[in-house]
Structure formats: C-alpha cells, structure tokens
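> Got a predicted model here, sequence first, then my questions.
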Amino acid sequence: MKILFAAHENAWGGFLGLLKNELPQHEFEASGRFGFENLKGFNVLIPTMSAVNREHLAGSDRLQLIQQCGAGLEGVDLQAAAEMNIRVANVPTDISGNADSVAELGIYMMIGLSRDTRKMALSLTDRQMGVPQGKSLSGKTVGIIGLGGIGRALAKRLKAFDVHLIGIKRSDPQKAKTELGLDWVGTPEDMKELLGRSGYVVLCLPLTPASMNMMGRHTFGMMKRDSFLINLSRGGLVDRDALEDALAAGKIGGAGLDVFWEEPPDPDDPIFSYNVLATPHIAGSTDVSIRGIVRAVAENIRRLEAGQDLLYSKV
C-alpha cells in the first residue's frame with residue numbers, strides 16, 4: 001500500500017521513520033508540509049495537522065483509510081469520508097502514553113509561569129541573584145476544562161503538588177468528581193465559577209464549533225487578575241486578540257501555549273513580549289508517546305491490509 005504522511009519527513013521526533021521500520025513492506029511519502037497536493041494513488045492518509053475536506057477526498061482514487069497519528073480529527077470531514085466509504089480512525093490519548101506526556105508539559109508550564117522563567121533569564125543576564133520570587137503551586141486552585149484522557153492524567157499528577165483541583169465536564173460531572181477525587185466539577189454552564197476560583201486554568205478539551213474561541217474577552221474578564229491560562233489542546237479554543245488584550249491590561253498573569261491560532265505562529269508576534277511561555281506543539285511528542293502512537297497506527301494499517309476491523313474507528 002502507498003501511505004501519505006502529511007508533514008515533514010522528520011516531524012515529531014522521526015515518527016515516520018519509526019513507522020517505516022514497523023511496516024517495511026509498504027511505500028511511504030512525506031508531503032514536506034502540514035498539507036498535501038492531492039490524494040491520487042494513496043491508500044492511506046496520515047493527516048497530522050492538515051485539513052481533509054470533501055474536495056480532497058473526491059480527488060482520491062484508491063484511498064481506504066484516514067489514520068490520524070493522535071486524537072484530533074476536527075480537521076477531517078467525517079461525513080464526506082463516510083459517504084465515500086473511506087474509513088477514519090485515530091489514536092486516543094490515553095492508550096498511547098500521549099495523555100501522560102501532555103500532562104507533564106502542562107505541569108512544566110505551570111511551574112515555569114509560577115517561577116517566572118522570563119525574569120530568571122533577565123536576572124542572570126543582569127548578574128542579579130535571589131530574584132525573582134516565585135509562587136508555589138501548593139495551596140493554589142487548578143481548574144481543568146475537559147476531563148478526558150489529558151485532563152485525567154493531569155489531575156492524577158497534580159495531586160502530588162497539594163493543589164485544589166476543580167474541573168468542567170460536559171456530561172456526568174459528579175461521576176468525574178468522585179472518580180478523580182476532585183474538589184468540585186461543574187458543566188460548561190458553570191464556567192464562570194471555575195474561572196473565578198482558579199489560579200491556573202488548563203484547557204484539555206477538543207475543538208468543536210461550540211468550543212471555538214471559548215476563551216475570549218468575556219471569559220478572560222471572569223478570570224482572577226494574577227491567574228494563568230494554559231492551552232494544551234487546540235489553538236482555536238483561544239481568541240488571540242482577546243488574549244493579547246488580557247495580557248496587556250494585566251487581566252491575567254500570563255499564559256502557557258503549546259498550540260496557536262496559526263501554526264507555526266509568527267515568532268515576531270507581539271503577544272510573545274508578554275508573560276507567555278510557549279512551546280512548538282510538542283506536548284505529546286516524547287519517546288514514550290511516539291512509540292505508543294506508532295504501534296497503534298501500524299496495527300491499524302496491518303488490519304486494513306488483512307481486511308480486519310480497525311481499532312478506534314470513527315467512520
């Protein structure tokens with residue numbers, strides 16, 4: 001089979017090379033960017049961060065499977081795929097080690113913002129010792145919006161830091177509260193309470209039409225003035241201009257961003273002049289998670305070849 005990897009050859013720590021080693025009998029091609037020209041001649045598409053719309057699918061001639069190398073399928077037209085009898089599958093965050101890796105980066109961002117890594121660098125440059133004074137996580141309230149795989153992994157790890165954990169879950173919040181041992185869990189209608197209580201607001205939910213730009217001027221106004229926003233999910237959850245306004249006006253204390261409104265973001269974007277700790281969409285890119293994702297993707301391609309049921313199929 002011929003497989004298209006819609007990214008650079010070496011993206012995500014050599015993911016494609018590892019997959020080739022698992023499936024040496026197949027032919028692979030990297031598009032060289034987050035996108036692709038056409039799907040003619042390909043049996044399998046690994047879209048990564050690329051949009052896959054109806055027009056793309058209509059131009060294919062032998063495509064059988066869209067296999068995401070992660071959980072996110074918001075860029076794939078699932079209805080069009082179903083109509084054209086093209087299978088779609090992903091790799092859930094909690095079966096590959098991805099959720100654990102993302103949670104670790106979330107804690108890194110929380111500590112980095114709390115201890116003010118930007119001022120640390122300035123202190124070293126200015127030969128000043130003993131400053132800045134940081135904030136401890138102990139005793140603070142962390143609000144996790146989205147209690148799926150990543151939110152659960154984050155809550156599990158944060159308990160060791162002696163924080164107060166609260167959350168938002170769309171369905172059955174009381175069940176999540178009991179299972180995870182959280183102090184409070186509400187629904188999206190309770191967002192104002194979570195934002196008003198939290199010193200750290202962590203976004204761990206998928207991007208949908210309902211969640212697009214959920215963090216905007218109105219919701220930033222609900223946050224505590226010294227609180228931090230951390231986005232571990234999708235850039236579209238945050239209104240970029242509203243975030244810059246909130247940072248400039250001191251409505252929030254800072255932001256940790258692994259995902260952006262456009263990717264890659266402009267390195268000269270003025271938003272980075274504020275207290276922003278940014279990483280290049282690598283929260284889930286670790287040795288453990290990449291190996292787990294490669295195994296899952298390779299298994300589904302083997303199943304497709306053998307005519308077997310796929311794992312984690314959405315269409």
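That came in fine, so what should we check first?
> By residue count, which helix of the protein is the longest?
In the chain, with assignment by DSSP state H, the single longest helix is helix 287-306.
> Tell me, how many residues neighbour R291?
15 (other CB atoms under 10 Å). For every residue, glycine as well, the C-beta is placed using N, CA and C.
> any idea how far it lies from G97?
7 Å (CB to CB, to the nearest Å).
> Same check on P209?
Using CB to CB, P209 is found at 30 Å from G97.
> In contact with D77: list those residues for me.
D77 makes contacts with 52-54, 57, as judged by CB atoms under 8 Å, 6 or more residues apart in numbering.
> at 10 Å instead, please
By CB atoms under 10 Å, 6 or more residues apart in numbering, D77 lies in contact with 51-57, 66, 83-84, 86, 88.
> likewise V315?
Here V315 is in contact with 65-66, 73, 76, 78-89 (criterion: CB under 10 Å, 6+ apart).
> cool, R152 as well?
So R152 contacts 93-94, 99, 103, 144, 146, 167, 176, 179-180, 204 (CB under 10 Å, 6+ apart).
> Strands along the stretch 201-315 of the chain, start to end?
228-231, 254-257, 276-278 (DSSP state E, counting those that start in this stretch).
> ok, the one residue sitting closest to the centre of the chain to L207 distance?
Nearest residue to the geometric centre of the chain (CA atoms, centre = their mean): S233, 3.0 Å. According to CB to CB, S233 and L207 sit 7 Å apart.
> in stretch 152-172, what counts as buried?
Neighbour counts over stretch 152-172 (16 or more other CB atoms under 10 Å) mark 152-155, 158, 161, 163-169 as buried.
> Ok, stretch 69-78 next?
Buried, per 16+ other CB under 10 Å, within stretch 69-78: 69-73, 75-77.
> ditto for stretch 209-216
In stretch 209-216, counting by 16+ other CB under 10 Å, buried: 211, 213-216.
> Could you export those residues as CSV, including distance to R302 and pLDDT?
Putting those into CSV (distance: CB to CB, whole Å; pLDDT from 0 to 100) gives the following:
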residue, distance to R302, pLDDT
S211, 34, 95
N213, 40, 97
M214, 39, 97
M215, 41, 98
G216, 44, 97
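> Next, the residue lying farthest from the centre of the chain: phi, psi?
In the chain, the residue that sits farthest from the middle, by CA atoms, centre = their mean, is R127; the gap is 37.0 Å. When read as degrees, to the nearest 10, the backbone of R127 gives phi 60, psi 40.
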